[in-house]
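Visitor: got a predicted structure plus its sequence, pasted below:
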Amino acid sequence: MQLALGILLLVFFLAGVIAVMRGQSPIIVLMLLAIVWAAATGASLKEVLGKVIDGGATAYASAVILIVFGAWFGQILVQTGIAESLIRSAVELAGDRPLIVAWVVSLVTAFLFTSLYGVGAAIGVGVIALPIMMSMGIPPRVAAPAFTMAIGAGNYLNLVEFGIFQKFFPGIKYEGVHLRFFVTGFAVYLGMALAMSAYHLARGGARRFAAIAAPAEPAAAWTRVPRYAYLAPAIPLAAVAFLGWPMIPAFLLGTLFALLATRRGRSLRGAVDLFHKAFYDAFPDIATIAALWIICGMLIVAGQLPNVQQALQPIFQPILPKTPLQAAIFFAALAPLAIYRGPFAVVGTGAALLSIMLQAQFLAVPYLYAVWRGPLCLQGSQDPTNSWTLWTLGFTKVTHKDFLKTALPFGWLMVAINAFIAYAMLGGS
């Protein structure tokens, strides 16, 4: 009976994956999956309403607050001109060399997104970075992943992402060997982004694509901020990693630094107005991602119900990795399952798999997070259903197919390399 029920739950799960991959709303699909799992295993209406929907929605509310502060700080960096000045100053140094320009844009974007978060911040940077690359003759199908893969690299160190996943992977830390792994993962993914640009530009050249690349508009006048303002994205990271500050005060410190560093020509009233405006502008950026995290909370709570666990364990127990080496191989081999909100996308149908793996307790949670970190960054930078990836594809007019054909092999290699680095650094813990 339990086996038959487990198979039924698995069918619902796979149906949800297929529905999301075909473009259905992940918010609706995941909410329905949470309700169906609970109801199918005998949960009462009171339990579904109270424990799964209400309890699940509020269980990870603090993660949504972190998303707000991260998006707010991102808007501060965009609206003070720090992000634009940093990119344009770096590109000036690159000169008229397409590959170097692509590399510089990726480097600066990765640095910015160690702190920036949200589709608004991505758009604010993308409308500067992408036209610069394409005006150099870099084809859109290369410019798009050069930008989004750099965002994915920054996500390895991104405080908002860490703070969110800290709620889902209890016990992970932003210090010591864990932080060294995040830095290594950042370097590996950034290296894959640079390698992707080098491979495709050397293979097809850059200037030959100039006729089809979207021409950039004449550069609008921009204000160069003081060079020390370029440190702003690193301020929250340093406060957390080296001073042990909580994340929200660290973001506020970064915001204060950014406002003071760019105060020239701005009155106190103007600074206060910008502070408020950035806060208001951050909310549209995070609406969808915040809703997804709330719904994922419901699905994780549903997956932790005893009856659901009893039904699913006989199916998943034989195939889930049980040792650190098996886990590294598992995630390295199946990395593309993070795409289209698949089973490796925690902000997607992967919320169910995470619940099962946490309940199984085969692996130490910090190690599980380390080997899962690669697929999470892959999803956050190459999944066409991801908000800033979708915007990038629309802006550059690159198809999903061409984008994945260009980017996914390098993203998959990144996941594999980092999975075995995680094994070497944390597998014995």
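Guide: Cool, the structure landed. Residues are numbered from 1 along each chain as shown.
Visitor: from here on, just use CA atoms for contacts and neighbour counts.
Guide: Fine.
Visitor: helix, strand or coil: sort out residue 225 for me.
Guide: With DSSP: H, G, I helix; E, B strand; the rest coil as the basis, residue 225 sits in coil.
Visitor: burial measure for it, as a count.
Guide: Other residues within reach of residue 225 by the criterion other C-alpha atoms under 10 Å amount to 20.
Visitor: what does the one 10 residues further on give?
Guide: Residue 235: 19 surrounding residues under other C-alpha under 10 Å.
Visitor: please apply the same query to the one 10 residues further on.
Guide: Neighbourhood size, residue 245 [other C-alpha under 10 Å]: 15.
Visitor: tell me the buried residues in the longest helix along the chain?
Guide: As assigned by DSSP state H, the longest helix anywhere in the chain is helix 268-303. For helix 268-303, the neighbour count (16 or more other C-alpha atoms under 10 Å) marks 271, 274-275, 278-279, 282-283, 285-286, 288-290, 292-303 as buried.
Visitor: shouldn't residue 400 be in contact with residue 384?
Guide: Yes. With contact defined as C-alpha atoms under 8 Å, residue 400 and residue 384 form a contacting pair (6.4 Å).
Visitor: which one of these two has more residues nearby?
Guide: Between residue 400 and residue 384, counted using other C-alpha under 10 Å, the more crowded position is residue 384 (23 against 17).
Visitor: now do the contacts for that one.
Guide: By C-alpha atoms under 8 Å, 6 or more residues apart in numbering, the residues touching residue 384 are 339-340, 390, 393, 400.
Visitor: ok, now with 6 Å
Guide: When contacts are counted by C-alpha atoms under 6 Å, 6 or more residues apart in numbering, residue 384 touches residue 390.
Visitor: where does it sit: helix, strand or coil?
Guide: Following three-state DSSP, residue 384 is assigned to coil.
Visitor: let's see stretch 27-37 as PDB, backbone CA atoms only.
Guide: What follows is stretch 27-37, C-alpha atoms only, in PDB (Å, rounded to 0.1, in the frame of the first residue of the first chain):
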ATOM      1  CA  ILE A  27       3.900  29.200  -8.100                       C
ATOM      2  CA  ILE A  28       0.500  27.600  -8.800                       C
ATOM      3  CA  VAL A  29       2.000  24.200  -9.700                       C
ATOM      4  CA  LEU A  30       4.100  24.000  -6.500                       C
ATOM      5  CA  MET A  31       1.200  25.100  -4.300                       C
ATOM      6  CA  LEU A  32      -1.000  22.400  -5.800                       C
ATOM      7  CA  LEU A  33       1.700  19.800  -5.400                       C
ATOM      8  CA  ALA A  34       2.000  20.600  -1.700                       C
ATOM      9  CA  ILE A  35      -1.800  20.400  -1.200                       C
ATOM     10  CA  VAL A  36      -2.100  17.200  -3.200                       C
ATOM     11  CA  TRP A  37       0.800  15.400  -1.400                       C
END
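Visitor: averaged pLDDT, that stretch. What do you get?
Guide: The average of the pLDDT scores along stretch 27-37 is 88.
Visitor: which residues touch it?
Guide: With contact meaning C-alpha under 6 Å, 6+ apart, stretch 27-37 is reached by 292, 295, 299, 302.
Visitor: now it: buried residues?
Guide: Within stretch 27-37, the residues scored as buried using 16+ other C-alpha under 10 Å are 27, 29-37.
Visitor: stretch 232-240 now?
Guide: Residues 232-233, 235-237, 239-240 are the ones in stretch 232-240 that count as buried (16+ other C-alpha under 10 Å).
Visitor: make JSON lines out of those residues and add pLDDT.
Guide: Converted to JSON lines, those look like this (pLDDT from 0 to 100):
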{"residue": "232", "pLDDT": "93"}
{"residue": "233", "pLDDT": "92"}
{"residue": "235", "pLDDT": "94"}
{"residue": "236", "pLDDT": "93"}
{"residue": "237", "pLDDT": "91"}
{"residue": "239", "pLDDT": "93"}
{"residue": "240", "pLDDT": "92"}
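Visitor: so where's the stretch 151-300 of the chain shaky on pLDDT?
Guide: Low-confidence segments of the stretch 151-300 of the chain (pLDDT under 70): 204-222, 285.
Visitor: which residues in it form helices?
Guide: Under the criterion DSSP state H, counting those that start in this stretch, helices of the stretch 151-300 of the chain are mapped to 159-168, 176-204, 234-241, 247-261, 268-303.
Visitor: list the contacts of stretch 295-305.
Guide: The contact list for stretch 295-305, computed with C-alpha under 6 Å, 6+ apart, reads 31, 34, 38, 52-53, 56-57, 351-352, 355.
Visitor: find the nearest non-adjacent residue to the spatially most central residue of the chain, please.
Guide: Centrality entry for the chain: nearest residue to the mean C-alpha point is residue 380, 3.5 Å, by C-alpha atoms, centre = their mean. Nearest residue to residue 380, sequence neighbours excluded (C-alpha to C-alpha, 6 or more residues apart in numbering): residue 152, at 6.0 Å.
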